[in-house]
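**Student:** let me see the structure of the following:
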Amino acid sequence: MGIPSIKNEEQYEALRDKGYSKQKAARIANTPDAGKKGGKAKPYEEWTKEALYNQAKNVGIDGRSKMNKKELINALRNN
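**Tutor:** Alright, predicted model coming up:
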């Protein structure tokens, strides 16, 4: 199957430089609207639980339906 294309190569490389795995960096860089906010996105603590859930869904976090807001934030930061 080969390597999937990266939609936001610059963001992917920046994430790799920060120590993210190739898979996680690719998922984040390929998330719709990734990087569109120019780094001005609110910290996860200011997101609604619904928005956190949707982001978790976008990046493929399992078990998200049973998570509370704090657990969703932790999963998004550490997945």
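**Student:** when you work out contacts or count neighbours from here on, use the C-alpha atoms and nothing else.
**Tutor:** Will do.
**Student:** can I see the domain layout of this structure?
**Tutor:** Under automatic domain parsing, the residue ranges defining each domain of the chain are 1-40, 42-79.
**Student:** quick one: buried residues of the last one?
**Tutor:** Residues of domain 42-79 classed as buried by neighbour count (16 or more other C-alpha atoms under 10 Å): 44, 49, 52-53, 55-56, 59, 64, 69, 72-73, 75-76.
**Student:** adding distance to E13, write those out as CSV.
**Tutor:** Putting the buried residues of domain 42-79 into CSV (distance: C-alpha to C-alpha, whole Å) gives the following:
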residue, distance to E13
Y44, 22
K49, 29
L52, 24
Y53, 26
Q55, 21
A56, 21
V59, 18
R64, 27
K69, 29
L72, 25
I73, 23
A75, 22
L76, 19
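**Student:** how about those in CSV, adding secondary structure and pLDDT?
**Tutor:** Formatted as CSV, the buried residues of domain 42-79 follow (DSSP: H, G, I helix; E, B strand; the rest coil; pLDDT from 0 to 100):
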residue, secondary structure, pLDDT
Y44, helix, 89
K49, helix, 95
L52, helix, 94
Y53, helix, 94
Q55, helix, 92
A56, helix, 93
V59, helix, 91
R64, helix, 95
K69, helix, 95
L72, helix, 95
I73, helix, 93
A75, helix, 93
L76, helix, 91
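**Student:** pick the one among those residues closest to R27.
**Tutor:** Of all these, R27 sits closest to V59, with 5.9 Å by C-alpha to C-alpha.
**Student:** isn't that closest one up against R27?
**Tutor:** Yes - counting by C-alpha atoms under 8 Å, R27 is a contact partner of V59 at 5.9 Å.
**Student:** give me the low-pLDDT residue ranges for the chain?
**Tutor:** Applying pLDDT under 70 to the chain flags residues 1-4, 32-41.
**Student:** perfect, that will be all.
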